[in-house]
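A.B. asks: Show me the folded form of this:
(4 chains)
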Protein chains: 2
Amino acid sequence: MHGDERIILERYLRERGLKMTHARETVLTAFLSLESHVSADAIHEAARKLDPGIGQATVFRTIKLLTDAGLAREACRDDNARLYEHAWNHAHHDHLTCVECGAVVEFVDSSIERAQEAVYRRFGFVSSGHRLELYGICPGCQAKKANSGL
Amino acid sequence: MHGDERIILERYLRERGLKMTHARETVLTAFLSLESHVSADAIHEAARKLDPGIGQATVFRTIKLLTDAGLAREACRDDNARLYEHAWNHAHHDHLTCVECGAVVEFVDSSIERAQEAVYRRFGFVSSGHRLELYGICPGCQAKKANSGL
DNA sequence: CATCAGCTGATAACGATTATCGATATCAAC
DNA sequence: GTTGATATCGATAATCGTTATCAGCTGATG
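C.D. replies: Alright, predicted model coming up:
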């Protein structure tokens, strides 16, 4: 199931003299069991269901490892807390977020990507990544608003 | 000099029964005296030079007012802290940031803007704003790297 | 110049993240 | 399997940015 990710992490750890432990495997499993855009707290909660002894600090430490290993990626921030999403076998994408209900649509748009490359060229930069967040009101919330009296 | 912004703020405050005070005027002046992408702490520091008695809490409170009044806008986050930029007479723009030296280029690209609108239509969303951050290495840092042995 | 709602600065509280520390688990070598 | 050096664990304290609290103060209005 999640064998690929486990092997990636194990190799990453071995390469720098770190160890594969129960706790780290549990956090990885918990993270993979959740949908995109999870907080450290949500991962901690999920990990506790697999092993109630998992500490909060270990979750934070392991998330950092997962990020460095290329398995997780910081997605955005829910006002205060950082949110993470899967990065392995999940191609690059941008986010379209509903400001009313919080729904998130992931999308890729080739003309946006091309236009971004043109901007890099225009200013002589070498690209190393980008973050695009579109905010708006989703069709469902538009309908809800229209029905509720406006 | 900054008369426009002062009047904007004064009107905003009056409209909701709030008061124009020394402290608020000082924070506004401090904010306007700084370049784009400032932290609350930097604004506090600048405000203290104008009036050493200005408290940190007042700076946070006033930044919120400036944001609501349309004079400031949350730009991005320097890892942990929120950063703010001028929003009055500063048209919408996106950011191109050098990951080596931190330099920020502000730009507008009409084909990116158009492509974003197409994405909104594709998913039936009504737009309410977006945030685009491009990351890369600026020409200066590319040259620095090339010279230093690579 | 009195009044009162709004403001102020100091300080405590808060939540997310990070550092500390003694006890424990891991892995490689025997 | 045992050992041992060392990474790791969970609990807890510490940090940092931000927000809430509160007693005293200020500014617009009459």
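
A.B. asks: outside of the host helix or strand of residue A:32, which residues touch it?
C.D. replies: Using DSSP states H and E, residue A:32 sits in helix A:22-33. Identification of contacts with helix A:22-33 by CB atoms under 8 Å, 6 or more residues apart in numbering or on different chains yields A:2, A:5-6, A:9, A:13, A:38, A:43, A:46-47, A:49-51, A:54, A:58-59, A:62-63, A:65-66, A:71-72, A:84, A:86. To be clear about C-beta, it is placed using only N, CA and C from the backbone, and glycine gets the same treatment.

A.B. asks: do the same with stretch A:9-17
C.D. replies: A:18, A:19, A:20, A:24, A:28, A:65, A:66, A:68, A:69, A:70, A:71.

A.B. asks: I'd guessed the last one sits against residue A:87; true?
C.D. replies: Just to be clear, that refers to residue A:71. Yes. Because the distance of 5.8 Å satisfies CB atoms under 8 Å, residue A:71 is recorded as touching residue A:87.

A.B. asks: Secondary structure of residue A:145: a helix, I assume?
C.D. replies: Yes. Under DSSP: H, G, I helix; E, B strand; the rest coil, residue A:145 falls within a helix.

A.B. asks: Which segments of chain A make up each domain?
C.D. replies: According to automatic domain parsing, chain A is divided into the following domains: A:3-86, A:94-147.

A.B. asks: Of these, which is nearest residue B:129?
C.D. replies: Comparing the domains of chain A against residue B:129 with CB to CB, the closest turns out to be domain A:94-147 (4.9 Å).

A.B. asks: For the residue most central in space within chain A, pull up the helix or strand it's in.
C.D. replies: Note on chain A: the residue nearest the mean C-alpha position is residue A:85, at 1.5 Å, using CA atoms, centre = their mean. Element membership for residue A:85 (DSSP H and E) is strand A:81-86.

A.B. asks: Put the buried members of the contacts of stretch A:9-17 into a PyMOL selection.
C.D. replies: Burial among the contacts of stretch A:9-17 is assessed by 16 or more other CB atoms under 10 Å in any protein chain shown; the matching PyMOL selection reads:
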select buried, chain A and resi 24+28+65+66+69+71
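
A.B. asks: so which pair among the contacts of stretch A:9-17 is furthest apart in space?
C.D. replies: Taking CB to CB, no two of those sit farther apart than A:19 and A:70, at 18.9 Å.

A.B. asks: can you give me the helices for chain A?
C.D. replies: Listed in chain order, the helices of chain A (DSSP state H) span A:3-15, A:22-33, A:40-50, A:56-68, A:110-123, A:139-147.

A.B. asks: Mean neighbour count, the ones you listed: which tops it?
C.D. replies: Mean neighbour counts were compared across the helices of chain A using mean count of other CB atoms under 10 Å in any protein chain shown; the top stretch is helix A:22-33, at a mean of 20.

A.B. asks: on that earlier part again, the helix holding residue A:32 and DNA strand C, any residue contact?
C.D. replies: Yes. Counting by CB under 7 Å from any atom of the strand, contacts between helix A:22-33 and DNA strand C involve residue A:22.

A.B. asks: what does stretch A:84-93 give?
C.D. replies: No. Remark: stretch A:84-93 sits outside contact range of DNA strand C, by CB under 7 Å from any atom of the strand, the gap being at least 9.0 Å.

A.B. asks: Right, I'll leave it there.
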